[in-house]
Every structure is written in structure tokens, then in C-alpha cells.
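In: Just the structure for this:
(chains A and B)
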Amino acid sequence: DTEVTQTPKHLVMGMTNKKSLKCEQHMGHRAMYWYKQKAKKPPELMFVYSYEKLSINESVPSRFSPECPNSSLLNLHLHALQPEDSALYLCASSSSGQGAHQPQHFGDGTRLSIL
Amino acid sequence: ILNVEQSPQSLHVQEGDSTNFTCSFPSSNFYALHWYRWETAKSPEALFVMTLNGDEKKKGRISATLNTKEGYSYLYIKGSQPEDSATYLCAFINAGNNRKLIWGLGTSLAVNP
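Out: Just a heads-up that it's a prediction; the model follows:
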């Protein structure tokens, strides 16, 4: 069982819908990440939060909007997505900031399908 | 452009075989190298974080070595078991202000019983 919990596990939405992905960890980690993963490719970094502040945005389209309400929670708000946004969205956390010597702990992901 | 390459892309071995694969990364500006195992329908699992040239780390039957001067890391699996079947990903972290994981494409390992 992973220590990073993501909900929902699966999500199907239309291009005009608004939905949110949620991620939670209770390991006291201060860095949290959103990745997008397409089949047979490695995870593609989207956002990094460090100490609840957005530290990296990898030029992600504004239809993806991250939010970090507190140190344990990370949300990804979705609006007006495109079919090419269909992918596995992974959340991860680590004990300190991105690019440190600590490993990242991943959730099981949300499988997102855009109709 | 920082490039991380893994070889082979895929590997099929018999149960009990020992195997190894390679991660190549830029030898300049090294900060750390991560290894992850990703089984189908599960989340990626961290195996090792390697930081010093000459590092050797071991976790059960899996071990890894690091050569930062020539820019490669080897992952070894001794006596492969079917449950070792997974994709093994390495990720390089560059030194500097904007450090981030730069992922290889992975080596897909299938262990036949």
C-alpha cells in the first residue's frame, strides 16, 4: 500500500467539465509533485510545491490549476481539458524539496480520460 | 539539453538468471541519481538514491553502482524472480538552482518462470 493517496482512481470527463484530482500524504513531507504519464513514457513533471509554495511550473497549460491547501494536501483542478490530456496523473512527495537526496514517494495515480 | 539514457530498452530473462542494466547521464553537474521500480498497475517505488562517485547500494537481491566521472550507473538483480518483472527507471538530478529529476525511458524486465 502506498503512503501517498490519490483520489479518484479513475475519472472520465467531458471537455467542458470541471473536476479536481486530490492527493494526500501524512509522512510530514514538505515537497509535493504532480506528474503526467503517458503510455510507455516516464513521468513528465508538471508542478512542484515546496513548503506549500509553488516552486516549479513546467509551462503547464492554464487548464491545469494546482493548489496546496496545507502541507498534507495537493489538488489539481481541471477545466476545459482536451482529449490529449488523457493520461495517468501521478502525485508524489518527498521529505524536502525537489532535487534533493531523498526519494520521491508516489501515489497509485488517477487514470484520466477526456471524452 | 540533459539526456538520460537507459539500456537495454527491454529484457527477458529466465527465473534464477542474474541480470544488469545501465543508466547513462551527463557526467558534469551531477547532484544525485535515483532508481525506481515500476510494476504494472502499481505506483513507482524508490529503490536507491545515489550521490557519491563509487557508491554501491544494496536492497535484497538488487544492487546498484555509480560512476559519476564517466556518467553511468548499473543496476544488478541477482537470481531474478518473476516478481522482479517491472520497468526500472533511473532519474538524474543536475546540480544548480533549478534541480529536478530528469528521467530515462526505463528498462522493461520480464522474468519468465
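In: mind listing the strands for chain A?
Out: A:4-7, A:10-13, A:18-25, A:31-37, A:44-50, A:53-57, A:64-70, A:73-79, A:87-94, A:105-106, A:110-114 (DSSP state E).
In: closest to chain B out of those?
Out: Closest of the strands of chain A to chain B is strand A:105-106, at 4.0 Å (criterion: Cβ to the nearest Cβ). All C-beta spots, glycine's among them, are computed from the backbone N, C-alpha and C.
In: Parallel or antiparallel, list what pairs with that closest one.
Out: strand A:87-94 (antiparallel) (DSSP bridges).
In: how much does the strand it pairs with deviate in direction from strand A:73-79?
Out: Relative orientation of strand A:87-94 versus strand A:73-79 (axes from the mean of the first three to the mean of the last three Cα atoms, to 10 degrees): 160 degrees.
In: right, and the strands of chain A - which one's nearest B:E39?
Out: Nearest to B:E39 among the strands of chain A is strand A:105-106 (11.7 Å), distances taken as Cβ to Cβ.
In: Pull the number of nearby residues for B:N94.
Out: For B:N94, the neighbour count with other Cβ atoms under 10 Å in any protein chain shown is 19.
In: Is it correct that it is in contact with B:N29?
Out: Yes - assessed by Cβ atoms under 8 Å, B:N94 is found in contact with B:N29 at 4.8 Å.
In: low pLDDT regions in chain A?
Out: A:1-2, A:97-100 (pLDDT under 70).
In: Any buried residues in stretch B:106-113, and which?
Out: Within stretch B:106-113, the residues that count as buried by 16 or more other Cβ atoms under 10 Å in any protein chain shown are B:G106, B:T107, B:S108, B:L109, B:V111.
In: Stretch B:68-77 now?
Out: B:T68, B:G71, B:Y72, B:S73, B:L75, B:I77.
In: so can I have JSON lines of those showing distance to chain A, pLDDT and secondary structure?
Out: Formatted as JSON lines, the buried residues of stretch B:68-77 follow (distance: Cβ to the nearest Cβ, whole Å; pLDDT from 0 to 100; DSSP: H, G, I helix; E, B strand; the rest coil):
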{"residue": "B:T68", "distance to chain A": "14", "pLDDT": "96", "secondary structure": "coil"}
{"residue": "B:G71", "distance to chain A": "18", "pLDDT": "96", "secondary structure": "coil"}
{"residue": "B:Y72", "distance to chain A": "18", "pLDDT": "97", "secondary structure": "strand"}
{"residue": "B:S73", "distance to chain A": "15", "pLDDT": "98", "secondary structure": "strand"}
{"residue": "B:L75", "distance to chain A": "15", "pLDDT": "98", "secondary structure": "strand"}
{"residue": "B:I77", "distance to chain A": "19", "pLDDT": "98", "secondary structure": "strand"}
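In: tell me the contacts of residue 72?
Out: Since no chain was named, I'll use chain A. A:E24, A:Q25, A:H26 (Cβ atoms under 8 Å, 6 or more residues apart in numbering or on different chains).
In: Actually, chain B is the one I wanted.
Out: B:T22, B:C23, B:S24, B:F25.
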